[in-house]
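Visitor: Below is the structure, and that's it, no one-letter string:
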């Protein structure tokens, strides 16, 4: 579940501001529940340098991958810039690499939670996400993002944290497999990962100029701006699983503003679950919200928008919408989790900024359906970009039937 629309409606509800007492205690970290592999105690991590690897358990292997490894690599914190270790996964296709090596897909995953044990490299995952790319002859590296698996709280939706993690994963994969993986990189992601992919693409020229990023592909990507907040499809008086995202977002806000007191954001009925959010993966937390019958009307205190929005919006904003490489945006016409209207605004604004963007609007597709429908188009877009072939732009797409003819 990657319900960003519900997240925003849950957290950013128009209401008058009120004063809050000082609250200096840090948010819970969600640390623990994983093996010692994730804790680095060696020399200071160097961004983009592989620290260690181990084979994934057999149950977490992906069909079509000759090699599947859990990785730990150096990066820089999106919160304060300090050197950190970040975990992830590395998959290599079967067979010998082509001359110069396999092209590299840097994959950015959707929402899983913020606790260490929710990390994709620990819980497994990725079969549906990256299997097609492996079959097409790509090596795949997939970051867990800062704080997922490794110590510290995952700064959920923080674009610098996500983007730097994705870029350093690609650099580490290249350094670890010289000659087998080529410096011909495609960045892709879905939902939270769609935003992370765009953030990585925007940061790449300054943060990782050594990477040859040929294209970026994002499906279900959020676009959160003042005055353009997306509305939930759940009435405020009905149990809303999107409150799970409100709890995660509040944890991130407290990383940047420790004085935020959860008791000034959430009611007494909601505080117990807000306090456990750092320990629960998304399916667990959303399920407990429903089981508790929590509604937005009963969970949120007045003043949530005025207190959270000034802290969060600068952190979830894209570094730039003028991208140095061609961009593919896949949008579900019936997306209710990340409203199609917001994604279309992102497409138009990126085009207006001077980016080369190919937009695809999939008729009748919801959040997950658009990701599935975009597979063929995304692979074709990446292949053309890697060949430096002309990439058609479309800033005002018409709805396309999945599997039908393309412009």
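Guide: All right, it came through fine. Just so it is clear, the model here is predicted, and its values are computed rather than measured.
Visitor: and stretch 299-311, which residues are buried?
Guide: Using 16 or more other C-beta atoms under 10 Å as the test for burial, stretch 299-311 gives 299, 300, 301, 303, 304, 305, 307, 308, 309, 311. For glycine as for every other residue, the C-beta is placed from the backbone atoms N, C-alpha and C.
Visitor: what pLDDT, on average, does that stretch get?
Guide: In this model, stretch 299-311 has a mean pLDDT of 86.
Visitor: where exactly do the strands run in the protein?
Guide: Taking DSSP state E as the test, the strands found in the chain are 50-55, 65-76, 83-93, 102-108, 139-143, 181-190, 213-219, 327-332, 357-362, 399-400.
Visitor: what's near enough to touch the residue nearest to residue 217 when sequence neighbours are not counted?
Guide: Computed as C-beta to C-beta, 6 or more residues apart in numbering, the closest residue to residue 217 that is not its neighbour in sequence is residue 188, at 4.0 Å. For residue 188, the contact set (C-beta atoms under 8 Å, 6 or more residues apart in numbering) comprises 105, 106, 107, 108, 133, 197, 216, 217, 218, 378, 382.
Visitor: ok, residue 189 touching residue 222?
Guide: No: with contact defined as C-beta atoms under 8 Å, residue 189 does not count as touching residue 222 (11.3 Å).
Visitor: between these two, what contacts are shared?
Guide: Joint contacts of residue 189 and residue 222 (C-beta under 8 Å, 6+ apart) are residue 195.
Visitor: Please say which of these two ends up with more neighbours.
Guide: Ranked by neighbour count (other C-beta atoms under 10 Å), residue 189 and residue 222 place residue 189 first, with 30 against 25.
Visitor: which residue sits closest to the more buried one, ignoring its sequence neighbours?
Guide: Closest to residue 189 by C-beta to C-beta, 6+ apart is residue 108, at 3.0 Å.
Visitor: how many other residues sit next to that neighbour?
Guide: Around residue 108 there are 30 residues (other C-beta under 10 Å).
Visitor: which residues pair with it across the strands?
Guide: Beta-bridge pairing of residue 108 under DSSP bridges involves residue 143, residue 189.
Visitor: Likewise for the one 5 residues further on?
Guide: With DSSP bridges as the criterion, residue 113 is bridged to residue 281.
Visitor: begin at 67 from here
Guide: Will do, 67 is the new start, and the previous item becomes residue 179.
Visitor: In this structure it contacts residue 348, no?
Guide: Yes: the pair residue 179 / residue 348 is scored as a contact, 4.8 Å apart, by C-beta under 8 Å.
Visitor: before we move on, back to that, residue 341: which of the strands of the chain is closest?
Guide: strand 149-159 (25.4 Å; C-beta to C-beta).
Visitor: Return the list of strands paired to the closest one, each annotated with direction.
Guide: When DSSP bridges is applied, strand 149-159 pairs with strand 131-142 (antiparallel), strand 205-209 (antiparallel).
Visitor: Buried ones in the longest one, by neighbour count?
Guide: Of the residues in strand 131-142, 131, 133, 134, 135, 136, 137, 138, 139, 140, 141, 142 count as buried by neighbour count, 16+ other C-beta under 10 Å.
Visitor: Pick the one among the residues you listed closest to residue 187.
Guide: Nearest member of those to residue 187, counting by C-beta to C-beta, is residue 136, at 4.9 Å.
Visitor: Quick check: that closest one touching residue 155?
Guide: Yes: Residue 136 lies in contact with residue 155 (C-beta under 8 Å); the separation is 6.1 Å.
Visitor: Need the overlap of contacts for those two.
Guide: With C-beta under 8 Å, 6+ apart as the test, residue 136 and residue 155 both reach 122, 187.
Visitor: in the stretch 317-466 of the chain, which spans are helices?
Guide: Counting by DSSP state H, counting those that start in this stretch, the segments of the stretch 317-466 of the chain that form helices are 337-342, 348-357, 362-365, 370-382, 406-418, 433-439, 441-452.
Visitor: Could you identify which of these is most buried?
Guide: helix 433-439 (a mean of 22; mean count of other C-beta atoms under 10 Å).
Visitor: what's that helix packed up against?
Guide: strand 393-398, strand 423-428 (3 or more C-beta pairs under 8 Å, 6 or more residues apart in numbering; DSSP states H and E).
Visitor: Specify the stretch among the ones you listed that is closest to residue 250.
Guide: Of the helices and strands packed on helix 433-439, nearest to residue 250 by C-beta to C-beta is strand 393-398, at 16.4 Å.
Visitor: residues contacting residue 268?
Guide: Residue 268 neighbours (C-beta under 8 Å, 6+ apart): 229, 384, 385, 386, 387, 389.
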